[in-house]
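Participant: sequence plus predicted model, see below.
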Amino acid sequence: MPLNRLQRAYEERRLNLIETLQKGRDELKLSKQHQLYGAIREIEQFLRMIDDYRQEQLAGTDFELKREGERPLAARMGQALQRMGNSTKGFFSNATIVFNRKVIGGVGRVVKGTKRRISFYRAVAKEVKARNDKK
């Protein structure tokens, strides 16, 4: 399924859940409202991931994206090492570049994802607390 259709389907599902939550606020039990709210937040998270994936594709950092005449970073680094020969300085400078982009960049993405999850849990907790305080 193309990414556009997948995103459209999830956006429609999100809107349907929001409608259900707004219309049945008085009739639905608190636990069911909490489940709907959590589902909405999960769909929003999924849609953000799709947007991030598209941004990676446009920026060219997605290695599955293959443009004409452009090679993945790992192949370019390997060729740079071959051109430099077996010099220690060249090896370590290229290894530093690859380490910074791959390892440190990966850690940054993990930290960003963790922060998103923490903010999601806090938002859900605030919502549940606010609904409990109203009763």
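Facilitator: Everything's here; your move. As the structure is a prediction and not an experimental result, all values here were calculated from the model.
Participant: use CA for all of it now, contacts and neighbours both
Facilitator: Will do.
Participant: quick one, domains of the protein?
Facilitator: Taking automatic domain parsing as the reference, the chain has its domains at 1-70, 71-135.
Participant: dump these to TSV, plus mean neighbour count and mean pLDDT.
Facilitator: Output for the domains of the chain, formatted as TSV (neighbours: other C-alpha atoms under 10 Å; pLDDT from 0 to 100):
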stretch	mean neighbour count	mean pLDDT
domain 1-70	13	81
domain 71-135	13	74
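Participant: now do the most centrally placed residue in the chain against Arg25, distance only.
Facilitator: In the chain, the centroid-proximal residue (C-alpha atoms, centre = their mean) is Met49; its distance is 3.3 Å. In this view, Met49 and Arg25 are 29 Å apart by C-alpha to C-alpha, to the nearest Å.
Participant: one more: Ile104?
Facilitator: For Ile104, the distance to Arg25 - C-alpha to C-alpha - is 45 Å.
Participant: again, but for Arg116
Facilitator: Here Arg116 is placed at a distance of 27 Å from Arg25 (C-alpha to C-alpha).
Participant: for the helix or strand where the residue nearest to the centre of the chain lies, packing partners?
Facilitator: If you go by DSSP states H and E, Met49 is part of helix 30-59. Counting by 3 or more C-alpha pairs under 8 Å, 6 or more residues apart in numbering; DSSP states H and E, the packing neighbours recorded for helix 30-59 are helix 3-23, helix 105-134.
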